[in-house]
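Trainee: Curious how this folds, go ahead:
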Amino acid sequence: MCGDFDHHDGLDDELFERFLALAAERGVTPQADGRSCPAGLGDVSARRSYMDGLFKAGLTRAASDAAMLPAGERADAMAGQAIVFARLAGFLAGQFPPQADLFRTITAAMLEGCDEVATR
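Mentor: Alright, predicted model coming up:
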């Protein structure tokens, strides 16, 4: 499944600590915002459900932000959002060693997203 990464607990801890440090350099720290944390992501259906929810949350934020803009500025906002989400995807994938080969998975997901829109 997309996003699978064969790891050990030690590597998991190391990657996550590095991720948190790099996120903190950008002014981001994890927040307890009242949501329950994801659990059991080793299960394929639970991971798929989590990823679908995360996609919808990002899409909701993007749509809500653009909807607050006046006509004539929304398309520019959407283009900028696409670039930001691509940057975030690269930032997250960059946490993993090259043998994880997330570049192909990310590229396939981007193409899938474009295909979703093109078929409508």
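
Trainee: now the end-to-end length of stretch 91-101.
Mentor: Criterion C-alpha to C-alpha, to the nearest Å; first-to-last residue distance in stretch 91-101 is 14 Å.

Trainee: chain center to that stretch, what's the gap?
Mentor: 13 Å (C-alpha atoms, centre = their mean, to the nearest Å).

Trainee: contacts for that stretch?
Mentor: The contact list for stretch 91-101, computed with C-beta atoms under 8 Å, 6 or more residues apart in numbering, reads 5, 15, 18-19, 22, 102-103, 106. For every residue, glycine as well, the C-beta is placed using N, CA and C.

Trainee: Now which of those residues would you call buried?
Mentor: 15, 102, 106 (16 or more other C-beta atoms under 10 Å).

Trainee: from these, which is closest to V84?
Mentor: I106 (14.5 Å; C-beta to C-beta).

Trainee: That'll do, ta.
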